[in-house]
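Asks: What shape does this take:
(2 chains)
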Amino acid sequence: ILNVEQSPQSLHVQEGDSTNFTCSFPSSNFYALHWYRWETAKSPEALFVMTLNGDEKKKGRISATLNTKEGYSYLYIKGSQPEDSATYLCAFAIYNQGGKLIFGQGTELSVKP
Amino acid sequence: GAGVSQSPSNKVTEKGKDVELRCDPISGHTALYWYRQSLGQGLEFLIYFQGNSAPDKSGLPSDRFSAERTGGSVSTLTIQRTQQEDSAVYLCASSSLGGTLAPLNIQYFGAGTRLSVL
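Replies: Next up, the predicted model:
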């Protein structure tokens, strides 16, 4: 059974704090790692798709790194804002299985003003 | 609109009834996926369509679940003889490329159908 683990499960921070989450995935048969952000009552929204070991991606105050050899990815948020409050999901894609994604349970972030 | 559209947004049904959930993907998107999130669980893959065919149905929980896609566009997920454990949010997603490049593509999600089986 392929498992994607995310930690922490939930996180409460103050506005302006920087924070990071971890996604662990199987390193064998790796093809791609996706990060999505899911705000309450909205659709999950893609942040990054990463494929290469050592990949680093950045979108505004959010960035992510990828280590495919040891099977982990970090998501960083610099200077958290209340609008960053959401559940952050990572998902693992295996080679030759279409676009089937195996999701972790997510990290729920709450940013207090 | 330009996004993935799902209907209904909420569905309450009685145990034993059949339900149909609909997904309108982004126009021109080859690949279409169904996922569900049960209470306290992560998003769980159900089925993947490449055009109108479903090369991967491995996530469908039982033979009460079926899905089809017509015209390379709209998809319907049907649950027969619903059970309480079918209660979940059902999400549809589409992406522009399928096949071996599919995992490299962003998936665009709909807002989901919240199914409650009483």
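Asks: Tell me the bridge partners for B:S5.
Replies: B:S5 has these beta-bridge partners by DSSP bridges: B:D24.
Asks: What residues does chain B have near chain A?
Replies: Counting by CB under 8 Å from any CB of the partner chain, the positions of chain B adjacent to chain A are B:3-4, B:31, B:33, B:35, B:41-45, B:48, B:50, B:55-56, B:58-59, B:91, B:93, B:95, B:98-100, B:102-112. Every residue, glycine included, has its C-beta placed from N, CA and C.
Asks: what about burial for those, which qualify?
Replies: Neighbour-count burial (16 or more other CB atoms under 10 Å in any protein chain shown) is assigned, among the residues of chain B next to chain A, to B:4, B:31, B:33, B:35, B:42-45, B:48, B:50, B:56, B:59, B:91, B:93, B:95, B:98, B:102-112.
Asks: got any ranges where chain B has weak pLDDT?
Replies: Across chain B, the ranges flagged by pLDDT under 70 are B:1.
Asks: For the residue positioned nearest the centre of chain B, give me its contacts.
Replies: By CA atoms, centre = their mean, chain B has its centre lying nearest to B:W34, at 2.9 Å. Residues near B:W34 by CB atoms under 8 Å, 6 or more residues apart in numbering or on different chains: B:23, B:45-47, B:59, B:67, B:75, B:77, B:90-92.
Asks: cutoff 10 Å now
Replies: B:W34 sits next to B:21, B:23, B:44-49, B:54, B:57, B:59-60, B:65, B:67, B:69, B:75-77, B:90-93 when contact means CB atoms under 10 Å, 6 or more residues apart in numbering or on different chains.
Asks: again, but for B:V89
Replies: Residues near B:V89 by CB under 10 Å, 6+ apart: B:6, B:10, B:35-39, B:43, B:111-115.
Asks: repeat for B:G99
Replies: Under the criterion of CB under 10 Å, 6+ apart, the neighbours of B:G99 are A:96, A:98-99, B:30-31, B:50, B:55.
Asks: Write out the residues of chain A neighbouring chain B.
Replies: Chain A has residues A:3-4, A:6, A:30-34, A:36, A:38, A:41-51, A:87, A:89-106 near chain B, with proximity defined as CB under 10 Å from any CB of the partner chain.
Asks: Strands - which of those residues land there?
Replies: In strands, judged by DSSP state E, the following of the residues of chain A next to chain B are found: A:6, A:30-34, A:36, A:38, A:45-50, A:87, A:89-94, A:101-103.
Asks: ok, and what's touching stretch B:59-67?
Replies: Stretch B:59-67 has contacts (CB under 10 Å, 6+ apart) with A:100, A:102, B:18, B:21, B:23, B:32-36, B:38, B:44-49, B:54, B:57, B:75-83, B:85-86, B:92.
Asks: hmm, 7 Å instead?
Replies: Residues from elsewhere that reach stretch B:59-67, judged by CB atoms under 7 Å, 6 or more residues apart in numbering or on different chains: B:34, B:44-47, B:54, B:75-81.
Asks: Just the buried subset of these, please.
Replies: The neighbour count (16+ other CB under 10 Å) marks B:34, B:44-47, B:54, B:75, B:77, B:79 as buried among the contacts of stretch B:59-67.
Asks: Please name the nearest non-neighbouring residue to A:I102.
Replies: Spatial nearest neighbour of A:I102, excluding adjacent residues (CB to CB, 6 or more residues apart in numbering or on different chains): A:F92 at 4.8 Å.
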